[in-house]
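Novice: Following is a predicted model, sequence given first.
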Amino acid sequence: MADARPPAQDRRMSRTGLRVKFREAWRADELDELLARGEDPTASGELTLRALKLCDPAHRARLARSLELVVDHVSAGGPSPVPGPTILRREPINSNRAELLTLARRLSVDGIHCLRGLAIADRMIRFGDSPLYLAPSPQKLRRRVEDILAALEPEDEAAARLHRDEPWPM
């Protein structure tokens, strides 16, 4: 009777792949920051896996839908969407409704989406201390959205303005 288990080498490869997946999930925030600063996505297995997730059309659609939900909830005057970060400052979202919906549409469309822009968008949408939820002024949120839109495009000009030795400002 043949052994139904995979060979030892395949089991080791499987465990290695599983470890990479766990580390990617555990370090997603840190990996997003590295990718937002322009880190090479092939520098590690975790960065590569995170980059693949960010580029996935389904993930981009979820980001776009999250933005739309935030705008809809603020426009309707309702409570913060649950689950998700609490919207502490509504005026910046109201003032930048068109820009946020433009970003949502950009994330939704097929085509080229530069990884830096996807990582920055992901961080802004997922973190409650980002300008989306906590901007001190509408201008700060507008600048962040403009930077993300620029960073989504090939050879973005926003990259020239960023300091690679500093973490991406939330």
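Specialist: Looks like it arrived, so ask away.
Novice: So which residues of the chain form helices?
Specialist: 8-26, 28-36, 45-55, 57-76, 91-95, 97-108, 115-126, 131-134, 138-152, 158-161 (DSSP state H).
Novice: Which elements pack onto the third one?
Specialist: I take that to be helix 45-55. The criterion is 3 or more CB pairs under 8 Å, 6 or more residues apart in numbering; DSSP states H and E, and the helices and strands that helix 45-55 contacts are helix 8-26, helix 28-36, helix 115-126. Using the backbone N, CA and C atoms, a C-beta is placed for each residue, glycine as well.
Novice: Next one: R106 from K21, what distance?
Specialist: Shown here: R106 relative to K21, a distance of 29 Å by CB to CB, to the nearest Å.
Novice: Okay, now the unreliable bits of the protein?
Specialist: Across the chain, the ranges flagged by pLDDT under 70 are 1-16, 78-83, 155-170.
Novice: For T48, which of the helices and strands packed on helix 45-55 is the nearest?
Specialist: Ranking those by proximity to T48 (CB to CB) places helix 8-26 first, at 8.5 Å.
Novice: picking that back up, would you turn the helices of the chain into a markdown table with mean neighbour count?
Specialist: As requested, these are exported to a markdown table (neighbours: other CB atoms under 10 Å):
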| stretch | mean neighbour count |
| --- | --- |
| helix 8-26 | 12 |
| helix 28-36 | 20 |
| helix 45-55 | 19 |
| helix 57-76 | 16 |
| helix 91-95 | 18 |
| helix 97-108 | 18 |
| helix 115-126 | 24 |
| helix 131-134 | 23 |
| helix 138-152 | 20 |
| helix 158-161 | 12 |
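Novice: Out of the ones you listed, which gets nearest to P85?
Specialist: helix 131-134 (4.8 Å).
Novice: can you dump the C-alpha coordinates of the closest one into CSV?
Specialist: Output in CSV follows, covering the C-alpha atoms of helix 131-134 (Å, rounded to 0.1, in the frame of the first residue of the first chain):
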residue,chain,number,x,y,z
PRO,A,131,-6.4,61.3,7.8
LEU,A,132,-9.5,59.5,6.6
TYR,A,133,-10.8,59.2,10.2
LEU,A,134,-8.8,61.7,12.1
